[in-house]
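Engineer: With the sequence up front, the predicted model follows.
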Amino acid sequence: ELHFYLYSNLGELDVICARGRATKDHTGNIRFRKIVQCHLPAYSGVSTKHEKSLVVSSIVKAVRGLGGDFVRYCEKTGKYEKV
């Protein structure tokens, strides 16, 4: 079960989980893509689902460790929700 928390503001370091140019150009998403690129060799170098999951977890920890989080926009509330 996923839990969502309402954000009053979108942070510069947050990763927006959505499509579109605004999402692509957001500072947090640009940084996220750089983090993913750094982890790509490690991800490609492992074969099991468990090992790949560990690499993905380290990407999530890197984003959160630098002060960002993963968010999505809620049209009902007009705010961003932490995913």
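Structural biologist: Yep, that arrived.
Engineer: Using CSV, write out every CA atom in the host helix or strand of Y73.
Structural biologist: Secondary structure here is read from DSSP states H and E; on that basis Y73 sits in strand 70-74. Once side chains and other backbone atoms are set aside, the C-alpha atoms of strand 70-74 remain, and they are given as CSV (Å, rounded to 0.1, in the frame of the first residue of the first chain):
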residue,chain,number,x,y,z
PHE,A,70,9.7,11.8,-5.3
VAL,A,71,6.4,13.7,-5.8
ARG,A,72,3.4,13.8,-8.1
TYR,A,73,0.8,16.5,-8.7
CYS,A,74,-2.7,16.0,-7.4
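Engineer: Next, the buried residues of the helix or strand just after that strand.
Structural biologist: Scanning the chain past strand 70-74 towards its C-terminal end, the next helix or strand to appear is strand 79-82 (assignment: DSSP H and E). Burial within strand 79-82, assessed by neighbour count using 16 or more other Cβ atoms under 10 Å, is assigned to 80-81. C-beta here means a position set from N, CA and C on the backbone, and glycine is covered the same way.
Engineer: ok, now how distant is K24 from G78?
Structural biologist: Noted for K24: a distance of 22 Å to G78, by Cβ to Cβ, to the nearest Å.
Engineer: Tell me where this protein has helices.
Structural biologist: 21-25, 27-44, 49-65 (DSSP state H).
Engineer: list the helices and strands the strand holding Y73 packs on?
Structural biologist: In this structure, strand 70-74 makes packing contacts with strand 15-16, strand 79-82, judged by 3 or more Cβ pairs under 8 Å, 6 or more residues apart in numbering; DSSP states H and E.
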